[in-house]
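Novice: Fold the following.
(one chain, ligands or ions: 3)
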Amino acid sequence: MEIILSINAGSSSVKISVYKAEPSSPTPHQLAEATIEGLTAPPAKLKYSRGDENIKGKELEDIASQEDAFKYILSHLQNDADLPELSKTDDIHFTCHRVVHGGDYPHAQIIDKETFHHIAELSDLAPLHNAPALSIVRAVSEILPNAKNVAYFDSSFHATIPRHISTYPVDQEVAERNKLRKYGFHGISYQFITDAVASHLKKDPTTLNIIALHLGSGASACCIKNGVSHDTSMGLTPLAGLPGATRSGSIDPSLIFHFTHSAGSLSHAAAGHMDITQAEQILNKKAGWKALTGTTDFADISSSGEEMKMLAFDIFVDRIMNYVAPYFAKLVGEVDALVFAGGIGERGARLRKEVVRGVECLGFGLDAERNNQPGDGVVADISAGDARFKTLICKTDEQLQMARGVAKG
Ligand SMILES: Nc1ncnc2c1ncn2[C@@H]1O[C@H](COP(=O)(O)OP(=O)(O)O)[C@@H](O)[C@H]1O
Ligand SMILES: CC(=O)OP(=O)(O)O
Ligand SMILES: [Mg+2]
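Specialist: Ligands and ions are numbered 1, 2, ... in the order given. Next up is the predicted model:
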C-alpha cells in the first residue's frame, strides 16, 4: 500500500487530496481532501472532508501564500487522529505537484535538481503559479525528505495543438530562441474532463469532440478534438484569453503602454529571480474581477445588483462566448458537448445560464431545473430535452488526475 499526497496550487487556493494506492488497483482510493481557498480574498478558508467528517469554511488567520496553506494543511492532516495512515512523515511515499508552466515537457517528471531548476526558469512565464508550486516542493523536501516528488504540468495536454494555431505571427528567429508560442494551461483538468465526459457518453476518448470551459480564479476554454487539445485560450502565459480573479485576460497589447509609462520597468514586487515587469504585475495581479469590483468572489459578483459587479458578470459572459462559437466552427459542428468545469463553471448556475443562452442559436439549451440542481455525479447533464447539443457540468479533479498517473506508474 502506498500513500499519495496530491497537491494542486492554484492562483487563489491550495487543494490537497490524500490517496491510498494498492498495487492491485489502478484507481487510487481517496482518504481525505483539504482545500484552503480565498488566498486572494482574505481571510483564507479551510474546507476538509474525511469520510463523514466535514469542516466547511473555517476562517484562518495569517495564511497568505500557497506555502503557508500547504504547511497548514499538512499539519492538519498529520494531526487528524482518524487518519493514522499519515501519522508518520515516512508514511507518505509520493507527492504530486501541479506545475502550471512546464515549457516543452510533454509528460510528468520526477523532480530532481535539474527539473526543479528548469521549472524555476519558467517562473516568469507563470507569475502566479510556478514559484508558489516550487515553494511547496521545497517545503516537502524539508518536511517529508523520503517522499518522491512528481511534477504534473498544466501545459503538457496542449502539446498536440497544431503549429499554425500555436505559432504567434512575430519574427520566428526570436520566437524560436525565446520559445515564444502558445503553450496553454489547465491541461491536467482538461485531461480529467476528457476521460470523465467520454466515460459518461460511453464514447472512446479518441473520438470525443468537446468545447470545455475551465472557469476558476484563472479561466480558460479548450477545443478538444478527437480527445486531444486542438486549441485553447491561454497562451505563452496564463494571462491570455479569458479574464480571471486578478487577471485581465486578452486585451489590445498596446493598452499597457497607455496605462503606464513604466510598463517595461521591473515591478517593485519582483522577488528573487522572478523578473516581473510592471505591465505583468498590473495585468496579472491588479486587473480582472478584483480591479473591476474590489472582490474576487464570483458567487458575490453573480448575485449582486451593484453596477460594477453586473458589468464584470456581463464581461465574463461576453468573453466566454468569444471562444464557444469559433471552437464550434473548428469542430465543424461535430460537437459531443459543451462542458462547464472549475469553481465558477461547476457552481455558477447563473453564469452557465447566460453563456448557454448566448449560444442557443448554435443548438445548445439548458434544462433550468437541472442547471440549478445538477446533483452529485462527476458529470451532470443539464441540457434541455430538445437541445441539439449536450451541455454538461464536470466536477474536475486535478488531484485525482495526478494520483491516477502515479498509481499507473
Ligand atoms: N456558488 C458560486 N458561484 C459562482 N462562483 C463561485 C461559487 N463558489 C465559488 N465560486 C468561485 O470559484 C472560483 C474558484 O474556483 P477554483 O477552480 O476553485 O479556483 P482556483 O483557480 O484557485 O483553482 C472563485 O472565483 C470563487 O469565487
Ligand atoms: C492556469 C491557471 O490559471 O490556474 P488557476 O486557475 O488554478 O489559477
Ligand atoms: Mg484551479
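Novice: contacts and neighbour counts: CA atoms only from here.
Specialist: Fine.
Novice: Close to ligand 2: what parts of the stretch 151-300 of the chain are there?
Specialist: Residues of the stretch 151-300 of the chain found near ligand 2 (C-alpha under 6 Å from any ligand atom) are Phe185, His186, Gly216, Ser217, Gly218, Ala219, Pro238.
Novice: Give the burial count for Asp300, as a bare number.
Specialist: 11 (other C-alpha atoms under 10 Å).
Novice: start the count at 763, not 1, going forward
Specialist: Renumbered: residue one is now 763, and that last one reads Asp1062.
Novice: returning to that earlier point: with secondary structure as new columns, can the residues of the stretch 913-1062 of the chain next to ligand 2 be given to me in CSV?
Specialist: Supplementary listing: these in CSV, determined by DSSP: H, G, I helix; E, B strand; the rest coil:
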residue, secondary structure
Phe947, coil
His948, coil
Gly978, coil
Ser979, coil
Gly980, coil
Ala981, strand
Pro1000, coil
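Novice: Would you mind giving the residues you listed as a markdown table with distance to ligand 1 added?
Specialist: Formatted as a markdown table, these follow (distance: C-alpha to the nearest ligand atom, whole Å):
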| residue | distance to ligand 1 |
| --- | --- |
| Phe947 | 12 |
| His948 | 9 |
| Gly978 | 4 |
| Ser979 | 4 |
| Gly980 | 5 |
| Ala981 | 7 |
| Pro1000 | 11 |
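Novice: Redo those as CSV? Include pLDDT and neighbour count.
Specialist: Putting these into CSV (pLDDT from 0 to 100; neighbours: other C-alpha atoms under 10 Å) gives the following:
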residue, pLDDT, neighbour count
Phe947, 97, 32
His948, 97, 31
Gly978, 95, 19
Ser979, 93, 25
Gly980, 96, 27
Ala981, 98, 29
Pro1000, 96, 30
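Novice: From these, pick the one nearest Pro924.
Specialist: Using C-alpha to C-alpha, Phe947 comes nearest to Pro924 of these, at 15.5 Å.
Novice: so what's the closest one up against?
Specialist: Phe947 sits next to Val862, His863, Asp916, Ser917, Phe919, His920, Ser982, Met996, Gly997, Pro1000 when contact means C-alpha atoms under 8 Å, 6 or more residues apart in numbering.
Novice: Can you report how many residues neighbour the residue nearest to the first one when sequence neighbours are not counted?
Specialist: If the residues on either side of it in the chain are set aside, Val862 comes closest to Asp916, at 4.6 Å by C-alpha to C-alpha, 6 or more residues apart in numbering. Using other C-alpha under 10 Å, Asp916 has 26 neighbouring residues.
Novice: Just the ones of the contacts of Phe947 in strands?
Specialist: Judged by DSSP state E, the subset of the contacts of Phe947 located in strands is Ser982.
Novice: For the contacts of Phe947, which single residue is the most surrounded?
Specialist: Highest count within the contacts of Phe947 by other C-alpha under 10 Å belongs to Val862, 34 neighbours.
Novice: can I assume that one is in contact with Tyr945?
Specialist: No - contact between Val862 and Tyr945 fails when scored by C-alpha atoms under 8 Å: they sit 10.2 Å apart.
Novice: And the next helix or strand past the longest helix belonging to the chain?
Specialist: Assignment by DSSP state H gives helix 1069-1092 as the longest helix of the chain. Note on helix 1069-1092: by DSSP states H and E, the next helix or strand toward the C-terminus is strand 1099-1103.
Novice: For that next one, which helices and strands make contact with it?
Specialist: Other helices and strands packing on strand 1099-1103, by 3 or more C-alpha pairs under 8 Å, 6 or more residues apart in numbering; DSSP states H and E, are strand 972-977, strand 1152-1156.
Novice: got the angle for that strand vs strand 1152-1156?
Specialist: 20 degrees (axes from the mean of the first three to the mean of the last three C-alpha atoms, to 10 degrees).
Novice: Strand partners (parallel or antiparallel) of strand 1099-1103?
Specialist: Using DSSP bridges, the strands paired with strand 1099-1103 are strand 972-977 (parallel), strand 1152-1156 (parallel).
Novice: and the helix or strand following the shortest one, which residues are buried?
Specialist: This points to strand 1152-1156. The C-terminal neighbour of strand 1152-1156 among helices and strands, as given by DSSP H and E, is helix 1160-1170. Across helix 1160-1170, burial judged by 16 or more other C-alpha atoms under 10 Å covers Glu1160, Gln1161, Leu1162, Gln1163, Met1164, Ala1165, Arg1166, Gly1167, Val1168, Ala1169.
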